[in-house]
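Trainee: Predicted structure and sequence below. I'll ask about it afterward.
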Amino acid sequence: MKTLSGNSKLDGCSGGKIKDLDRLIAVVRNMDESVIITDSSRKIVFVNPAAEKMLGYRSEEMVGRSAGVFFDNVPGNPPDLAARIAREASPDHKWEGVVYDRDREGNIFAVRLKLAAVPNGVNVIYVGISSVLEEIPPAAARADRPGPAGELPLIAAGLAHDFNNLLQIAVLNLEVLRRTERKLDGEDRARLRTIKDILSSCARLNRRLLTLARVSSAPHRPLELNRIVRKTVAQLRATLPASAEIRLVAARNLPAIEGDALQLQRLLVNLINNALEAMDWKGRATVTTTLAAPPSGCFVTDRSSRFLRIRVRDLGRGIPADLRERIFEPFFTTKEKSGGTGLGLSVADAIVRSHGGFMRIADTTPAGTVFEVYLPVSRDK
């Protein structure tokens, strides 16, 4: 059995189907998601590069094998999962769900799988599209707080995957329309440019969703917190309007923490921008760093642990009492009219917890709000 290519055929494939099949292969070959196509007996006939990367096998090693070898008998999956999925999928019904895959190195990870049965002459082929949701999380990445935030990476990855599928369909259709752009009048050309701009905005939003799914992806290493804070504040100051200001008060000789510098920068950007937005970008946001004990009433597994505290204060209108319990929920926002997505504080909260810390509203009044982040000091320091 050969890998599908522009000149190949599946058993039972009529000549009238080859053109559509080749077009399908051309589209899925460069998709970011893993794509595996099997024949009616569930033998693999095509894999794209993303599938090779995800599973760790070359295309020629997978073609001809049963698709079930990658998730049958994997802990977390029911017995004979591949056969069960194939029975439930039909040209009129797409199967969708979360399954566990095992790669060449034996690593087990969760993926969202969509399987469609596509008519191909007298037979069907099965097209499976999957994307990694999350690796089996380390203890530090598991949520200590119950509720939606604990499932944030899983939710975000699933949404991003579905959103990306819709985007790809829209982009492909847009490219087809642009081939006829010369035949359009000025008004229709302007509409095409507007559609392109909207799709670009959607792609940027999708990357923000993926941010939620990757808050624990990079290994942690010893870091100097003040260096990260100073760098982030300097970058933000360069973009501020004249009406806004960021004041930094950094304690000296702070011990190191363990973390991911890029994610901590993202945390700071979200908190500082949130503070500036609370003042309509008119006023001073104050950022302080210090060594501090966790406040009373906060759950800490080891009271002897030392923490570095980041405090971000704004002079805005405060947070109404009825909203304080919801501000860390994914996609909850009070800024719909200004384009808020409700992701900033959710991302910040997930990043803090992935570093073994916690975040809280320390104070909020009609004269302003204070957010505090506590990050544990490295045990080696």
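Mentor: Received, thanks. Residues are numbered from 1 along each chain as shown.

Trainee: Please make it C-alpha for all contacts and neighbour counts, starting now.
Mentor: Noted.

Trainee: What is the burial count for residue 262?
Mentor: As a burial measure, residue 262 scores 11 neighbours (other C-alpha atoms under 10 Å).

Trainee: quick one: which helix or strand includes it?
Mentor: helix 261-278 (DSSP states H and E).

Trainee: which strands and helices sit next to that helix?
Mentor: Secondary-structure packing of helix 261-278 (3 or more C-alpha pairs under 8 Å, 6 or more residues apart in numbering; DSSP states H and E): helix 225-237, strand 283-292, strand 307-313, helix 344-354.

Trainee: Now do the buried residues in the following helix or strand past the longest one.
Mentor: By that I understand helix 225-237. Proceeding N to C from helix 225-237, the next assigned helix or strand is strand 244-250, under DSSP H and E. Residues of strand 244-250 classed as buried: 244-246, 248, 250 (neighbour count, 16 or more other C-alpha atoms under 10 Å).

Trainee: after strand 244-250 comes which helix or strand?
Mentor: Taking DSSP H and E, what comes next after strand 244-250 is strand 257-259.

Trainee: Minimum distance to residue 98: which of the helices and strands packed on helix 261-278 has it?
Mentor: For the helices and strands packed on helix 261-278, proximity to residue 98 was assessed by C-alpha to C-alpha; helix 344-354 is nearest, at 22.0 Å.

Trainee: Which residues does the helix holding residue 262 contact?
Mentor: The contact list for helix 261-278 (C-alpha atoms under 8 Å, 6 or more residues apart in numbering) reads 215, 223, 228-229, 232, 236, 244, 282-285, 287, 312-318, 344-345, 347-348, 351-352, 371.

Trainee: Okay, buried residues for that helix please.
Mentor: Residues 261, 263-272, 274-278 are the ones in helix 261-278 that count as buried (16+ other C-alpha under 10 Å).

Trainee: Now do the same contact list for residue 318.
Mentor: 278, 364-369.

Trainee: picking up where we left off before, closest one to residue 112 among the helices and strands packed on helix 261-278?
Mentor: helix 344-354 (21.2 Å).

Trainee: Which stretches in the stretch 101-250 of the chain count as strands?
Mentor: Here the stretch 101-250 of the chain has its strands, by DSSP state E, counting those that start in this stretch, at 108-120, 123-135, 221-223, 244-250.

Trainee: what lines up beside the first one in the sheet?
Mentor: Pointing back at strand 108-120 there. According to DSSP bridges, strand 108-120 forms sheet pairs with strand 95-102 (antiparallel), strand 123-135 (antiparallel).

Trainee: so how far is residue 192 from residue 186?
Mentor: Separation of residue 186 from residue 192 (C-alpha to C-alpha, to the nearest Å) stands at 10 Å.

Trainee: Out of those two, name the residue with the larger neighbour count.
Mentor: Higher neighbour count among residue 186 and residue 192: residue 192, with 17 against 10, using other C-alpha under 10 Å.

Trainee: Show the low-confidence segments of the stretch 151-300 of the chain, by residue range.
Mentor: Flagging of the stretch 151-300 of the chain using pLDDT under 70 yields the residue ranges 151-162, 164-165, 207-218, 296-300.

Trainee: Now, of the contacts of helix 261-278, which are buried?
Mentor: Neighbour-count burial (16+ other C-alpha under 10 Å) is assigned, among the contacts of helix 261-278, to 215, 223, 229, 232, 236, 244, 282-285, 287, 312-316, 318, 344-345, 347-348, 351-352, 371.
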